[in-house]
Each structure stands twice: as C-alpha cells, then as structure tokens.
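Student: need coordinates for the following:
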Amino acid sequence: MRAALRFLAGAVAGLLIVLLLGAAPAQAAGYRYWSFWRWSDGGWVYQQQGPAVHVPADGEVEGWRFAVSPDGGQQAARPGPAGDFAALCAGTPAEAGRKRVAVVLDFGGPADAPAHETPPEPRTACAVVPTRASSAEVLATVAPPLRYDGNGLLCAIAGYPRTGCGEQLGGAARPTGTAAPSTGAGPADATGESAAGASPGGAGPVLGVGAGLALVLAVAAGARWQSRRRR
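Tutor: Purely as a prediction, here's the structure:
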C-alpha cells in the first residue's frame, strides 16, 4: 500500500510539473516586413485594407514602415515622421480631375535591416494620380521599384530590401530606436480580435492550470480516502 501511495504521489508531482511547464507563455514570433498605415486625427492608424484594394481620397496621407514587428500585434512599428498633408504637399499644386496623396516612407533602423543592408533615410512624397488610383498605384508612382512575392505580398519599396520577404525571426522584440505607438489602433485592433495589452485566447493557459490543479487535488483526496478505508 505504501508503495502504491509513493507511486501515486510521484505521478501527481509529474502531472503538476507538466501543467506548470505548459502554462509558460509562448514567445511571440517576429516578422520583418513593410506595414501599411494611414494618418488620422494626429496619429498613424493601421490600414485595414491592402494597398491593391484601398483607394485613398484626395488629401489622404499614407505611411509605410519597414521593421521587425509582431504579426498583427499592438506593438507593430509605426512610421516615425508625422503625416501633415498641408506640409507634405505644399509644393505640389492640385490638378483638375486628379488627386493628391501624401506618402511617408520609413525604412526603419539598423536593428530592422537584413544582414549586409543599410536602411535609407526616411522620405516623403506627394503623388498626383488619377482619382481612382489605388494605394499600390500611388506607391508605385513615388517609390519605384516595388517588389512583390508570388502571393502578392509587398516585399520591397524603392528597392529596399534587396532580398527577403516577411521572414519570421523567432521571438519578437521592439527594435531599438522604434518610435513609441502614436494615437490610433495597431494591427490587432484593426481586426477587432484583441484590445490593447491583450491577446486572443490569453486566458487559456490559466484555465488549464486551474483545471489541472483541481484534478491533482481530487486524485490526492481519493487516494487518501482509499488508504483510510483499507486500514
């Protein structure tokens, strides 16, 4: 009987260790990619539509940021320069039947750059394009060459970076020199799946540990009752 109890105690301890290890939060993956933003109410807001679909209005400001960021996370890096349309398009007169769209390009810092590449300095432009031009067409006007992969993912703007496209880099950490989030929603908010500081399904591990502990206690209580009954 004592041997059986020792075996049961070891099994319970092993189960507890497995549960606790399983509760450790997984480290978020980081990706090196160009993220797409729009200027709204004094801050950068994640663009919910892709550049090939979105048709900006006259007077709109669009931003692009190349960085290592979580995929769809609140901490995705925003463009550093502000999106003041009046200042960015001050030297570009309006044309009848066409629209002006300001563009901000932030190529990131050294921590964001692929190996053996140096990020260009941030730049701005004011595109004058047909009124039905998409964001992709606006970008192609002011920052060629663009590079896409076989799935239509934008890989390079103005030829940067030369190679690679959305590589996963393991645990994501905000690169040094990245501007703090400005007013507006990040990528996770744009999908409506998570609020600031939260992650979808974040309560799962906690609930799993609670259920596991309850099971451990129930097994231990049952073993103790059986032991007393057989004496």
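
Student: buried set for stretch 118-129?
Tutor: 119, 124-129 (16 or more other C-beta atoms under 10 Å). Just so you know, the C-beta spots here come from the backbone N, C-alpha and C atoms, and that holds for glycine as well.

Student: before we move on, what about stretch 94-112?
Tutor: Under 16+ other C-beta under 10 Å, the buried positions of stretch 94-112 are 99-109, 112.

Student: identify, from these, the entry nearest to Y31.
Tutor: Nearest to Y31 out of the buried residues of stretch 94-112 is D112 (C-beta to C-beta; 11.1 Å).

Student: ok, L139 touching P145?
Tutor: No - counting by C-beta atoms under 8 Å, P145 is not a contact partner of L139; they are 10.9 Å apart.

Student: contact partners for A156?
Tutor: By C-beta atoms under 8 Å, 6 or more residues apart in numbering, the contact set of A156 is 34, 145-147, 162, 165.

Student: I'd like to know which of the residues you listed is nearest to G50.
Tutor: For the contacts of A156, the nearest to G50 is W34 (11.6 Å; C-beta to C-beta).

Student: neighbours of the closest one, how many?
Tutor: Residues lying near W34 (other C-beta atoms under 10 Å) number 24.

Student: change the start of the numbering to 87 and stick with it
Tutor: Right, with 87 as the first residue, what we last looked at is W120.

Student: next SSE downstream of the helix or strand harbouring it?
Tutor: Using DSSP states H and E, W120 sits within strand 115-126. Sequence order places strand 129-132 as the next helix or strand after strand 115-126, per DSSP H and E.

Student: which other helices and strands does the helix or strand just after that next one contact?
Tutor: Downstream of strand 129-132, the first helix or strand assigned by DSSP H and E is strand 147-156. On a contact count with 3 or more C-beta pairs under 8 Å, 6 or more residues apart in numbering; DSSP states H and E, strand 147-156 meets strand 115-126, strand 184-192, helix 221-228.

Student: lowest-confidence helix or strand of the chain?
Tutor: Every helix and strand of the chain was ranked by mean pLDDT, DSSP states H and E. The lowest is helix 273-277, at a mean of 30.

Student: quick one: low-confidence parts of this protein?
Tutor: Across the chain, the ranges flagged by pLDDT under 70 are 87-115, 157-161, 257-317.

Student: kindly recompute the last result at 50.
Tutor: By pLDDT under 50, the low-scoring segments of the chain are 91, 93-94, 101-107, 109-112, 258-295, 297-299, 301-302, 305, 311.
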